[in-house]
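> What would the 3D arrangement of this be:
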Amino acid sequence: MKLGIIPCSNGMGHVVRSAKLANILIKNYKIVFFLSKKIRINLNKKIIVKKVSANFLIKRNYKYNVNWYKNFKNNYYDNIDLFISDNLPEIILIKKNVLIYANFFWHEIFNIQNTFFKNLKKKFSKKKIKIISNYLFGNTKISKKNTFSVGFVGKYKKIDITKKKGILISLGTSIIGYTDISKSILKIISQKEFLDYEFYLDKKLINNNTILTKNIKKADFSENMFKNIRVAFVKPGFGTIHDCLERGIPINSYLSSKNKEFIHNAKILKKIKVGNYFLDFKKGLKNTIDVFNNIKKIKEVNKTCKSLRWNGEKDIKKIIKKYKKDINNKNLYLN
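Numbering: from 1, shown residues only. Next comes the predicted model:
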């Protein structure tokens, strides 16, 4: 069976999540991974990568671009049995053998209500398109009847983070007053009392004048970086949340906008007692440092994370197996 995986390229979260899934599913299926030309990601060598001219970028100045599928040419299909589309619901306008992988949809986040999306919702219902969402963070409303809850993809990583020295600070790219916030954070963490800590800052917080030292480093979100992280103060996107939860890392969220996804995610993190959320970044940073020094709290978070539902790829495999009966390779296109 051949799967085609198409991730939204809005940021790297969706691409990384889809790549993680692809690298696991390649053991059971043939996989074609579709990427916009500018994106680079590490994939298993057995995965066929197609660089395409279709730009899967959704957000631009908080406007929704729905035209990507018009450039998704027929010769891209390659007799694919089933498409898994990460946060790109428009795929159902050109394909019917589709699973949608999403915790939310962009038009829901930005509250876009127009004829296009009203018709899209009707098609979801009529075609009985199946959606797979994380059992904790899934919040899409487009077709609840056909939404299936799955666990976190991958295994929980047994790491003793109490011995780690790192604090991850990644506040995203859309916050207001980023320059002033960056200066304030650098001023705080450069104080003598924090010289024994290691702060990993995202690239937006580090400007050309920033001097990287032993305790101020650039976050590259690699496995090696996460091996040294004890706590995190971040924009609560699902990708970063997943990276932290699978390692038992406490997560404080910075809410700088009315983004519905971030607010929803931050509230879930607080509800399951693995973090808190803040509107004031200084208070958030202070609390994050306090949590860093609270070994009891860190061990409680570690225990909670371990108890979460992991190996979500098993759930997805069951859905694929069940869905396989409805796939007809000779009739791939929707009229």
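> Give me the distance between stretch 182-190 and the centre of its chain.
Computed by C-alpha atoms, centre = their mean, to the nearest Å, the separation of stretch 182-190 from the middle of its chain amounts to 27 Å.
> Which residue is the nearest non-sequential neighbour of the most centrally placed residue in the chain?
Computing the C-alpha centroid of the chain and ranking residues by C-alpha atoms, centre = their mean puts G239 first, at 2.8 Å. What sits nearest to G239 in space, not counting adjacent residues and going by C-beta to C-beta, 6 or more residues apart in numbering, is G13, at 3.1 Å. For the C-beta atoms, the positions are set from N, CA and C on the backbone; glycine is no exception.
> Could you do G172 as well?
Using C-beta to C-beta, 6+ apart, the closest residue to G172 is K235 (3.3 Å).
> what about the residue nearest to G239, how many neighbours?
19 (other C-beta atoms under 10 Å).
> With the one 4 residues further on instead?
As a burial measure, the neighbour count of R17 was computed by other C-beta under 10 Å and equals 22.
> K217 too?
16.
> do K187 as well
Neighbours of K187 under the rule other C-beta under 10 Å: 9.
> K258 now?
9.
> any idea which helix or strand carries it?
Using DSSP states H and E, K258 sits in no helix or strand.
> follow-up on the earlier one: from memory the residue nearest to G172 sits against Y254, does it?
Yes. K235 lies in contact with Y254 (C-beta atoms under 8 Å); the separation is 6.2 Å.
> Which of these two has more residues huddled nearby?
Y254 (26 against 23).
> Dig out what that one forms beta bridges with.
F278 (DSSP bridges).
> And it, what's its pLDDT?
Note on Y254: pLDDT of 95.
> hang on, it packs against F281?
Yes. Under the criterion of C-beta under 8 Å, Y254 makes contact with F281 at 5.5 Å.
> Overlap in contacts, the two.
L171 (C-beta atoms under 8 Å, 6 or more residues apart in numbering).
> Now stretch 203-216: buried residues?
K204, L205, I206, N215, I216 (16 or more other C-beta atoms under 10 Å).
> now those residues as CSV including secondary structure, pLDDT and distance to C244?
Compiled in CSV, the buried residues of stretch 203-216 are given as follows (DSSP: H, G, I helix; E, B strand; the rest coil; pLDDT from 0 to 100; distance: C-beta to C-beta, whole Å):
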residue, secondary structure, pLDDT, distance to C244
K204, coil, 82, 19
L205, coil, 86, 18
I206, coil, 82, 20
N215, coil, 89, 21
I216, strand, 92, 20
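> what two of those have the greatest distance between them?
K204 and N215 (19.2 Å; C-beta to C-beta).
> Show me the shaky parts of the chain.
The chain contains residues with pLDDT under 70 at 11, 53-66, 73-78, 142-143, 173-178, 207-210, 325-335.
> domains of this protein?
2-154+311-326, 161-307 (automatic domain parsing).
> thinking again about what came up before, hmm, F238 and the residue nearest to G239 touching each other?
Yes. Using C-beta under 8 Å, G13 is in contact with F238, at 6.4 Å.
> so how far is S149 from the residue of the chain positioned farthest from its centre?
In the chain, the residue that sits farthest from the middle, by C-alpha atoms, centre = their mean, is K192; the gap is 35.1 Å. Distance, K192 to S149, by C-beta to C-beta, to the nearest Å: 48 Å.
> ok, and the closest non-adjacent residue to I48?
V32 (4.6 Å).
> The stretch 51-200 of the chain: helices as residue ranges?
Using DSSP state H, counting those that start in this stretch, the helices found in the stretch 51-200 of the chain span residues 106-109, 115-127, 178-189.
> buried ones in the second one?
The neighbour-count criterion (16+ other C-beta under 10 Å) identifies F117, L120, K121, F124 as the buried residues of helix 115-127.
> cool, stretch 180-191 as well?
I181, S182, I185, L186, I188, I189.
> roughly how far is it from the heart of the chain?
With C-alpha atoms, centre = their mean, you get 27 Å for stretch 180-191.
> sorry, back to before: which strand or helix spans the residue nearest to I48?
strand 30-36.
> which strands and helices sit next to that strand?
strand 2-7, helix 13-25, strand 48-52 (3 or more C-beta pairs under 8 Å, 6 or more residues apart in numbering; DSSP states H and E).
> What pairs with the first one, parallel or antiparallel?
To tie it back to what came earlier, the one meant is strand 2-7. Strand 2-7 is paired, per DSSP bridges, with strand 30-36 (parallel), strand 82-86 (parallel).
> Could you double-check that D81 lies in contact with K2?
Yes. Judged on C-beta under 8 Å, D81 makes contact with K2 at a distance of 5.1 Å.
> between those two, which one's more packed in?
Between D81 and K2, counted using other C-beta under 10 Å, the more crowded position is D81 (18 against 14).
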